[in-house]
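J.: Provided below for reference: sequence and predicted model.
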Amino acid sequence: MAGSLIERTLGVLDALSGDARGLPLQTLAEQLAIPKSAAHRICHELIRLGYVRQDPLSGHYQLSTRLVAMGCRYLASSGAADIVQPILDRLAEDTGELVRLGIIEGNHQIWIAKAQGARSGLRYDPDMGREAPLYYTASGHAWLASMSDDEALALVEAQGIGDPTHYGPNAPRSHAELIERLNQARTHGYSWQRENAAPGTSALAAVVPHPVDGHILGVLSIAGPSVRLTEPRIHQLAPLLLRAAVELSQSSQASRLFS
């Protein structure tokens, strides 16, 4: 990983965010393609500043809670808790499934808020803060469907399609099949998938457009176990999803989260 000290430091933080157990110095250096000595200097400066700690038993470097606290403070000051969360909570209550909101940041869609509607039984509850995979998720397809085919394929290529063995059995297997799914989403106004991202899970998603100029601010989705979220039920829930997406769009200018 070439680049400035700031770029390398952010790379260390990003790598550590992927594993709460922490990472050994050698792994960090290999992941970032930097000398071990450079990784060591960065980690110890981050320890001094309070963003990283070192496990006394394993020696692994771990994130402290300082970044978590910063994120929570930002979300609180953005108005998300007062404006966005009630909409997600209501949709989760009405559907009985997991509701997620992804925000568009440049060429990335990041899941930043959720509400869990399932009170018992099977629960589908992935971690927040991850970038939504574009190639095989309902959230990714909803966003891609708002673009031209060429723009969508370029974005997929930039992100990468990952390892096909990690997909679900119904994930698209070619660009042509992906475009077919995007056309389906364009026709219906929302995307859906059954066992694309992983076996046993289903989801539907719709974009949240800017209320004035229409550019895409985020993507709202409903996800759950396929045994509950059958295709007929997906289409039954779609009007609730679309109504909530409109409500988020209309409320977006009151929250800095969407700025």
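T.: Perfect, thanks for sending it. Numbering: from 1, shown residues only.
J.: list the contacts of Ser252.
T.: For Ser252, the contact set (C-beta atoms under 8 Å, 6 or more residues apart in numbering) comprises 208, 210-211, 217, 258. From N, CA and C alone the C-beta is placed, and that goes for glycine too.
J.: from Pro211, how far out is it?
T.: Separation of Ser252 from Pro211 (C-beta to C-beta, to the nearest Å): 6 Å.
J.: same question for Thr187.
T.: Applying C-beta to C-beta to Thr187 and Pro211 gives a distance of 23 Å.
J.: with His188 instead?
T.: When His188 is compared with Pro211 (using C-beta to C-beta), they lie 22 Å apart.
J.: re earlier: compare the contacts of Ser252 and tell me which is most surrounded.
T.: When neighbours are taken as other C-beta atoms under 10 Å, the top entry among the contacts of Ser252 is Val208 (26 neighbours).
J.: tell me where the stretch 151-259 of the chain has strands.
T.: 191-194, 201-209, 216-225 (DSSP state E, counting those that start in this stretch).
J.: nearest to Pro239, out of those?
T.: Within those, the stretch nearest Pro239 is strand 201-209; the backing value is 10.4 Å (C-beta to C-beta).
J.: low-confidence ranges in the stretch 1-150 of the chain?
T.: 1-2, 75, 78-81, 120-128 (pLDDT under 70).
J.: all the strands of it, in order from the start?
T.: Secondary structure of the stretch 1-150 of the chain (DSSP E, counting those that start in this stretch): strands at 52-54, 61-63, 98-105, 108-116.
J.: next, the angle strand 98-105 makes with the longest helix belonging to the chain.
T.: Assignment by DSSP state H gives helix 231-251 as the longest helix of the chain. Relative orientation of helix 231-251 versus strand 98-105 (axes from the mean of the first three to the mean of the last three C-alpha atoms, to 10 degrees): 50 degrees.
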